[in-house]
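Enquirer: Attaching a predicted model along with its sequence, questions to come.
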Amino acid sequence: MRSERDARGWSQADAVRAMRAKSSHNLPTDSTLLRNWRRWESGESRPDDFYAPIIAAAFDTVTAAFFPKARPNRDDELISSTGMDTLEFIGRLRMSDVSSATLDAIRITAERMCCEYPCADPMELHAEGTAWLRRITSLLDGRLTLAQHREVLVLAGWVALLVGCVDYDLGWRTTAEATRRAAVSLGHEAEHAEIQGWGAEMAAWFALTQGNYRGAIGAAESGLSLTGDHGVGVQLAAQQAKAWARIGDRDEMENALRRGRAILDGLDHPANLDNHFVVDPGKFDFYAMDCCRVVGDDRLAESYARQVIRTSTGPDGIIRRPMRVSEAQLTLAVVAVRDRDLELAVDEGMRAFAGKRRSLPSLLWIAGEAAREMIERFPGDPRTRDYLEQLRSLTTG
């Protein structure tokens, strides 16, 4: 209760008010609830069956997830006992303290958070993601069927992947790597190839933005060996293509792009394009844009960039995928520099910096490549200095 309250920045009085807002019952006075809350947080007492659902609702979760039942020690003794007959053993494996409705609610929440990734405030999404990760993993302390055990591992794996991405977006490299490894471990335990593949994709992304291009290729290849024709294979191949482009091997870059397209062509069109862990043709165009810019196919890079901006913007003019749009704007900036139009290049670059939702390592990486183009062609121009000053402010802001 304390960690969930701290994650939201609530005082104990705020938590009591949240309880009252979510309750349909007549509750005692605030002072009485506050005394109860202090006893609950200190461990002096445990919320009873009346208060537990209200507290769970105050934190926007369900009772079984927030107050999981502890597994009785006698179950462990019975399961390990050679005296238990087979039918009794199987019967106990089918017993569970967690309802299917609870798992459905967690599954829906995990999907929602993955869909909110492109636009949500990263600090808020990180707080929510870590809070749900604690709730999900706490279910493992309860009694689960074998199928539920695997389902909980899978749900925890997806949420851990999401939290790891947000960690890295915020520039928290060490934490992001630890979270990524935890996600891969969950995927391995659940025998879930796609979660393991996304863990490898994240390793490739981390390596790319840190300039370790050979490492990115190796990480992506290890993921491709696991995932077969899963959608993540498209993104793994695309990360390889980006690395080969920067190494300067155009043939390997094109081979990797062809490999990714072949996997994509074999996939059904995804039902939910908003989920961060879903790869669609628009996302592949985003990676092809990067490769074309790096190898100097300016007109094709420009065409891809404009397509990325179009597909990332809703009919109402609201940008749905701001991080993709920022990189597309930086691509247009590089093309403009090569066309000797520094004014347009700086304008596009400044627009890329203005986005509120950003992946800091990726933005700095691509913006740095654009800066090198400006310095090479317009080294003493005040507009180049303005761009560089804004770029430096990103690292200190």
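Expert: Arrived safely.

Enquirer: how about the helices in the stretch 251-397 of the chain?
Expert: All helices of the stretch 251-397 of the chain, identified by DSSP state H, counting those that start in this stretch, fall at 281-295, 298-311, 322-338, 342-354, 360-377, 382-396.

Enquirer: name the helices or strands packed onto the shortest one?
Expert: Read that as helix 342-354. Under the contact criterion of 3 or more CB pairs under 8 Å, 6 or more residues apart in numbering; DSSP states H and E, helix 342-354 touches helix 322-338, helix 360-377, helix 382-396. Every residue, glycine included, has its C-beta placed from N, CA and C.

Enquirer: Of the ones you listed, give the one that comes closest to R181.
Expert: Closest to R181 of the helices and strands packed on helix 342-354 is helix 360-377 (CB to CB; 17.7 Å).

Enquirer: give me the low-pLDDT residue ranges for the chain?
Expert: The model of the chain has pLDDT under 70 over residues 65, 68-97, 397.

Enquirer: repeat that with 80
Expert: Regions of the chain meeting the criterion pLDDT under 80 cover residues 7, 25, 44, 60-99, 228-229, 269-272, 280-282, 395-397.

Enquirer: Which helix runs longest in it?
Expert: helix 146-169 (DSSP state H).

Enquirer: so that one versus helix 360-377, what angle?
Expert: 30 degrees (axes from the mean of the first three to the mean of the last three CA atoms, to 10 degrees).

Enquirer: which residue is nearest the centroid of the protein?
Expert: L162 (2.3 Å; CA atoms, centre = their mean).

Enquirer: ok, back up a step: need the winner for burial among the helices and strands packed on helix 342-354.
Expert: helix 322-338 (a mean of 24; mean count of other CB atoms under 10 Å).

Enquirer: So which elements touch that one?
Expert: For helix 322-338, the packing partners by 3+ CB pairs under 8 Å, 6+ apart are helix 281-295, helix 298-311, helix 342-354, helix 360-377.

Enquirer: let's see it at 10 Å
Expert: Using 3 or more CB pairs under 10 Å, 6 or more residues apart in numbering; DSSP states H and E, the elements in contact with helix 322-338 are helix 281-295, helix 298-311, helix 342-354, helix 360-377, helix 382-396.

Enquirer: what is the orientation angle of the second one with helix 342-354?
Expert: Okay, so that is helix 298-311. Going by the same axes, to 10 degrees, helix 298-311 makes 40 degrees with helix 342-354.

Enquirer: what comes up buried for helix 298-311?
Expert: Of the residues in helix 298-311, D298, A301, E302, S303, Y304, A305, Q307, V308, I309, T311 count as buried by neighbour count, 16 or more other CB atoms under 10 Å.

Enquirer: chain center to it, what's the gap?
Expert: 25 Å (CA atoms, centre = their mean, to the nearest Å).

Enquirer: from here on, count from 24
Expert: With the count now opening at 24, the last piece we talked about shows up as helix 321-334.

Enquirer: and it, what other elements does it pack with?
Expert: Right, helix 321-334 is packed against helix 304-318, helix 345-361 by 3+ CB pairs under 10 Å, 6+ apart.

Enquirer: quick one on the thing from earlier: TSV please, covering the helices and strands packed on helix 365-377 and showing distance to A87.
Expert: Formatted as TSV, the helices and strands packed on helix 365-377 follow (distance: least, CB to CB, whole Å):
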stretch	distance to A87
helix 345-361	36
helix 383-400	37
helix 405-419	44
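
Enquirer: Determine which of these approaches D291 most closely.
Expert: Nearest of the helices and strands packed on helix 365-377 (CB to CB): helix 345-361, 22.6 Å.

Enquirer: could you dump that closest one to PDB, C-alpha only?
Expert: C-alpha atoms of helix 345-361 as PDB (Å, rounded to 0.1, in the frame of the first residue of the first chain):
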ATOM      1  CA  PRO A 345       5.500  11.800 -31.900                       C
ATOM      2  CA  MET A 346       8.800   9.900 -31.600                       C
ATOM      3  CA  ARG A 347       8.500   8.600 -35.200                       C
ATOM      4  CA  VAL A 348       7.600  12.100 -36.400                       C
ATOM      5  CA  SER A 349      10.700  13.700 -34.700                       C
ATOM      6  CA  GLU A 350      13.000  11.300 -36.500                       C
ATOM      7  CA  ALA A 351      11.200  12.000 -39.800                       C
ATOM      8  CA  GLN A 352      11.700  15.700 -39.200                       C
ATOM      9  CA  LEU A 353      15.400  15.100 -38.600                       C
ATOM     10  CA  THR A 354      15.600  13.100 -41.800                       C
ATOM     11  CA  LEU A 355      14.100  16.100 -43.700                       C
ATOM     12  CA  ALA A 356      16.700  18.300 -41.900                       C
ATOM     13  CA  VAL A 357      19.500  16.100 -43.200                       C
ATOM     14  CA  VAL A 358      18.100  16.100 -46.800                       C
ATOM     15  CA  ALA A 359      17.700  19.900 -46.600                       C
ATOM     16  CA  VAL A 360      21.400  20.300 -45.500                       C
ATOM     17  CA  ARG A 361      22.500  18.200 -48.400                       C
END
